[in-house]
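Q: Compute the structure for the input listed below.
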Amino acid sequence: MVLGTIITPDTYLGPVMSLCMDRRGMQKGATNIDNQRVMLQFFLPLNEIVVDFHDHLKSISSGYASFDYEDYGYVPSNIVKNFLVSISQPLPRSTNQSRGLRSPVPSPPSDSIPHPSSHHAQGILSCEPSILLNTLEIAIQAAIGGKIIARETLKPFRKDVTAKLYGGDVTRKMKLLKQQAEGKKKMRMVANISLPRETFIDILKR
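A: Numbering: from 1, shown residues only. Take a look at the predicted model:
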């Protein structure tokens, strides 16, 4: 947990507060510095700010808001381990931790901590655009333990094997298409999915 301090023009106060609340933040206080600037303090989970929080803050404030934080110690949290599965095998490096969808979080004896927020299961599958084209149809599933919570099917890239054929030789076309189908059938038996590093960064981003 961290205690974050944001100084922003009052024009962007609403969007900045919405961003903090969306990142499971709880407001500690707000102070008017002058007629145009406001200082906000929020308790925020560390994992909610380390990836792209600063980028979003600069974007919604046209670059005017500043952000600083200090360590606020550890607090209990209800988290679950989720991972991506393809061809019934967990994908390497895809394991991630996120808040439980419904379980309440116990409050520490001192200051209050943010209330748990529900994250849509489909967000775990946001890596689809960064996966390179595949020649096979790939089913990507997000799992918590042995329970599948979301699924996305990536359509295959189909090579036109008949593009270089001329005329109406149907027999030749059918032969090439049959060979292509048999090749894909063999590939499904030994296929192994490898995801680029950028994919896992996209999973952490919103």
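
Q: any idea where the helices of the chain begin and end?
A: 13-22, 53-60, 170-190, 197-204 (DSSP state H).

Q: can I see the domain layout of this protein?
A: Domains of the chain are assigned by automatic domain parsing as 2-71, 79-152+196-204, 159-190.

Q: Least confident of those domains, on average?
A: Taking the average pLDDT of each of these, the minimum falls on domain 79-152+196-204, with a mean of 56.

Q: wait, what's in contact with the closest residue to residue 46 other than its chain neighbours?
A: Counting by C-beta to C-beta, 6 or more residues apart in numbering, residue 46 lies nearest to residue 2, which is 5.4 Å off, once chain neighbours are set aside. To be clear about C-beta, it is placed using only N, CA and C from the backbone, and glycine gets the same treatment. If a contact means C-beta atoms under 8 Å, 6 or more residues apart in numbering, then residue 2 has 43, 44, 45, 46, 49, 69, 70, 71, 72 as its contacts.

Q: Surely the first one touches residue 3?
A: Yes: counting by C-beta atoms under 8 Å, residue 43 does reach residue 3; the two are 6.0 Å apart.

Q: who's more crowded, the two?
A: A count of neighbours by other C-beta atoms under 10 Å puts residue 43 above the other of residue 43 and residue 3, at 21 against 16.

Q: Nearest residue to that one in space, ignoring adjacent ones along the chain?
A: Excluding its sequence neighbours, the residue lying closest to residue 43 (C-beta to C-beta, 6+ apart) is residue 26, at 4.8 Å.

Q: Verify the stated contact: that neighbour with residue 41.
A: No: counting by C-beta under 8 Å, residue 41 is not a contact partner of residue 26; they are 10.0 Å apart.

Q: what about residue 71, how many neighbours?
A: Residue 71: 9 surrounding residues under other C-beta under 10 Å.

Q: and the gap between it and residue 46?
A: Taking C-beta to C-beta, to the nearest Å as the criterion, residue 71 is separated from residue 46 by 8 Å.

Q: The nearest residue to residue 29 once chain neighbours are set aside bridge partners, please.
A: In space, residue 29 comes closest to residue 41 once its chain neighbours are excluded; the distance is 4.9 Å by C-beta to C-beta, 6+ apart. Judged by DSSP bridges, the bridge partners of residue 41 are residue 5, residue 29.

Q: and residue 41, what does it touch?
A: 3, 4, 5, 6, 27, 28, 29, 30.
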